[in-house]
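**Student:** got a structure for you, letters missing:
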């Protein structure tokens with residue numbers, strides 16, 4: 001089977017009308033799938049494949065010049081297995097089978113559930129049936145949840161679908177824009193059954209848009225990310241702002257503003273010497289721009305919030321100017337070799353480590369860059385750290401490497417001690433998990449965690465989605481109540497500010513005077529949550545020492561009076 005991608009389709013084009021165009025050209029194809037603004041066509045042989053591209057690339061259809069090119073997925077990556085993620089928790093296996101049955105013959109359907117995620121894997125009779133299911137169900141609104149559906153290969157690595165592969169282009173040129181959007185606008189941005197978000201993706205030329213933390217209904221703001229070519233991301237951002245503006249006018253929601261999350265160490269370049277850069281952006285775009293200070297958003301380490309106020313056109317122009325500075329800042333730092341700098345050992349040359357690039361704006365998904373030093377707002381880098389990260393058993397071999405080469409490199413590069421729980425001989429569950437133990441100071445543990453998340457990403461364990469793992473950290477039991485807060489308020493605040501899921505849980509690894517905190521999320525969210533929790537531990541410890549010193553002083557004063 002030879003598949004071509006047909007881009008820049010007019011909205012009025014249907015499968016029937018597109019098939020007629022092929023027939024008029026004397027080209028006879030099998031399957032035709034038309035989406036919003038693009039489509040895919042399956043050709044029976046190489047000759048038809050070449051003829052399709054030669055005759056229809058650049059063809060004017062309904063006033064639109066078609067973009068016809070080979071689909072980038074190769075035959076060896078085709079699979080009859082899919083994964084469906086982000087399913088509502090109450091959905092049963094029979095509900096899922098009913099949902100997917102219309103796309104082909106199901107060979108098996110297996111549910112994979114944890115305390116924080118609900119997903120299934122479905123195996124179809126053919127790869128064509130699996131692809132059809134992906135095309136129809138990805139971004140589908142299923143009982144209030146936007147489904148994430150992807151092709152899986154034989155070892156369970158989740159692959160990007162044809163549309164994303166063609167639209168995204170070279171990932172090295174992609175830019176990630178992260179925005180804080182009020183929750184009242186999220187439904188309008190997604191649209192009925194995901195229609196609006198798909199339309200924005202099509203209008204922007206394939207920008208991927210993700211809404212993070214949709215399941216957290218009590219959040220006042222949610223992180224919305226847009227990933228793609230820089231100019232396309234600006235278009236997507238503008239379309240999102242237009243949707244927000246329309247929703248605001250319709251429901252009297254007040255002023256629409258844009259909040260951009262940016263790395264703390266790059267914000268100085270956005271502001272410029274004596275504020276000259278940000279002043280020029282304000283004047284050029286007729287907007288008001290405020291950059292939060294590090295103390296205001298310390299829990300979001302290493303991010304700060306750039307708030308922009310003005311017209312939709314002004315907000316869009318300001319975003320474009322600010323994003324340009326952020327991209328150039330990253331490029332300059334990368335050229336200077338500052339990424340992956342470390343005081344603990346030298347990186348040896350190997351295929352594994354040459355692929356271990358710190359992802360920034362240029363990768364999908366994205367985590368924070370690996371910094372040269374931690375923010376002053378964060379806790380002391382010498383503070384001891386002890387974490388457990390739960391990973392799929394299937395990932396252990398990659399983490400260890402041949403003769404332990406990879407795990408040794410992780411320890412050498414991070415300066416932390418890393419060990420992996422031995423395999424249980426009686427374990428037959430294909431979805432079993434193993435625990436990775438990390439010991440060190442907060443800085444070395446941060447780096448070791450980064451390498452583990454990044455290894456998982458590079459090996460495709462999350463496909464085109466963020467790698468999300470469960471991390472456990474020990475805290476003094478007397479602090480557990482402060483982490484939770486009254487009626488769970490503090491834990492919800494941490495979740496709101498970081499995007500991670502946080503809970504205090506029973507765990508046999510915690511000693512009698514300890515409690516265990518479970519954190520689920522991608523690397524950025526997890527580390528931000530850990531930073532905030534450690535800050536609470538610090539505050540309680542300082543308060544306890546202060547109270548103790550005060551009490552001792554009072555006792556000494558009473559003793560002195562008695563002696564007198």
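**Tutor:** Looks like it came in fine. Please read these numbers as outputs of a predicted model, since none were measured by experiment. Residues are numbered from 1 along each chain as shown.
**Student:** determine which residue lies closest to the centroid of this protein.
**Tutor:** In the chain, the C-alpha nearest the mean C-alpha coordinate belongs to residue 466, at 3.8 Å (C-alpha atoms, centre = their mean).
**Student:** shouldn't it be within a helix?
**Tutor:** No - counting by DSSP: H, G, I helix; E, B strand; the rest coil, one finds residue 466 to be coil, located in no helix.
**Student:** against residue 327, how distant is it?
**Tutor:** From residue 466 across to residue 327, the span is 21 Å (C-beta to C-beta, to the nearest Å). (Glycine included, C-beta is placed from N, CA and C.)
**Student:** next one: the residue nearest to residue 147 when sequence neighbours are not counted relative to residue 192, how far apart?
**Tutor:** In space, and not counting its chain neighbours, residue 147 is closest to residue 140: 4.9 Å by C-beta to C-beta, 6 or more residues apart in numbering. Here the criterion is C-beta to C-beta. By it, residue 140 lies 11 Å from residue 192.
**Student:** same deal with residue 479?
**Tutor:** Per C-beta to C-beta, residue 479 is found 45 Å from residue 192.
**Student:** swap in residue 490?
**Tutor:** Separation of residue 490 from residue 192 (C-beta to C-beta): 36 Å.
**Student:** residue 34 now?
**Tutor:** Applying C-beta to C-beta to residue 34 and residue 192 gives a distance of 20 Å.
**Student:** of these two, which one has the most company?
**Tutor:** residue 34 (18 against 9; other C-beta atoms under 10 Å).
**Student:** residue 140 versus the more buried one, what's the distance?
**Tutor:** Using C-beta to C-beta, we find residue 34 at a distance of 16 Å from residue 140.
**Student:** you'd agree residue 27 is in a strand?
**Tutor:** No - counting by three-state DSSP, residue 27 falls outside a strand, being coil.
**Student:** so it makes contact with residue 51?
**Tutor:** Yes - at 5.6 Å, residue 27 counts as touching residue 51 under the criterion of C-beta atoms under 8 Å.
**Student:** give me the common contacts of those two.
**Tutor:** Common contacts of residue 27 and residue 51 (C-beta atoms under 8 Å, 6 or more residues apart in numbering): none found.
**Student:** list the contacts for the closest residue to residue 280 other than its chain neighbours?
**Tutor:** Spatially, and ignoring its direct neighbours in sequence, residue 280 is nearest to residue 272 (7.8 Å; C-beta to C-beta, 6+ apart). By C-beta under 8 Å, 6+ apart, the contact set of residue 272 is 278-280.
**Student:** helices - which of those residues land there?
**Tutor:** 278-280 (DSSP state H).
**Student:** hang on, the residue nearest to the centre of the chain packs against residue 520?
**Tutor:** No - using C-beta under 8 Å, residue 466 makes no contact with residue 520, being 11.4 Å away.
**Student:** next secondary structure after the helix or strand that contains residue 398?
**Tutor:** Element membership for residue 398 (DSSP states H and E) is helix 396-400. Downstream of helix 396-400, the next assigned helix or strand under DSSP H and E is helix 405-414.
**Student:** packing partners for that next one?
**Tutor:** helix 351-354, helix 396-400, strand 417-420, helix 442-458 (3 or more C-beta pairs under 8 Å, 6 or more residues apart in numbering; DSSP states H and E).
**Student:** can I get those in CSV with distance to residue 136 and mean neighbour count?
**Tutor:** Below are the helices and strands packed on helix 405-414 laid out as CSV (distance: least, C-beta to C-beta, whole Å; neighbours: other C-beta atoms under 10 Å):
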stretch, distance to residue 136, mean neighbour count
helix 351-354, 37, 12
helix 396-400, 32, 16
strand 417-420, 39, 17
helix 442-458, 27, 23
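**Student:** tell me who's in contact with residue 491.
**Tutor:** Each residue near residue 491 by C-beta under 8 Å, 6+ apart is listed here: 483-485, 502-504.
**Student:** centre of the chain to stretch 311-321, how far?
**Tutor:** 24 Å (C-alpha atoms, centre = their mean, to the nearest Å).
**Student:** hang on, I meant stretch 14-30
**Tutor:** 39 Å.
**Student:** so which of the helices and strands packed on helix 405-414 gets nearest residue 410?
**Tutor:** Closest to residue 410 of those is helix 442-458 (C-beta to C-beta; 4.7 Å).
**Student:** sheet partners, orientation included, of the helix or strand where residue 308 lies?
**Tutor:** Per DSSP H and E, residue 308 falls inside strand 303-309. Neighbouring strands of strand 303-309 in its sheet, by DSSP bridges, are strand 257-263 (antiparallel), strand 288-291 (antiparallel).
**Student:** quick one: buried residues of that strand?
**Tutor:** Along strand 303-309, these residues count as buried under the neighbour rule (16 or more other C-beta atoms under 10 Å): 303-306, 308.
**Student:** right, and the helix or strand after it?
**Tutor:** Defined by DSSP H and E, the subsequent element after strand 303-309 is helix 312-335.
**Student:** point out the other helices and strands that that next one packs with.
**Tutor:** Helix 312-335 packs on strand 175-182, helix 230-251, strand 257-263, helix 264-271, helix 276-285, strand 303-309, going by 3+ C-beta pairs under 8 Å, 6+ apart.
**Student:** wait, which of these is closest to residue 221?
**Tutor:** strand 175-182 (4.7 Å).
**Student:** pLDDT averaged over that closest one - what is it?
**Tutor:** What strand 175-182 shows for mean pLDDT is 87.
**Student:** run the chain-centre distance for the strand or helix carrying residue 130.
**Tutor:** Per DSSP H and E, residue 130 falls inside helix 127-137. Helix 127-137 sits 24 Å away from the centroid of its parent chain (C-alpha atoms, centre = their mean).
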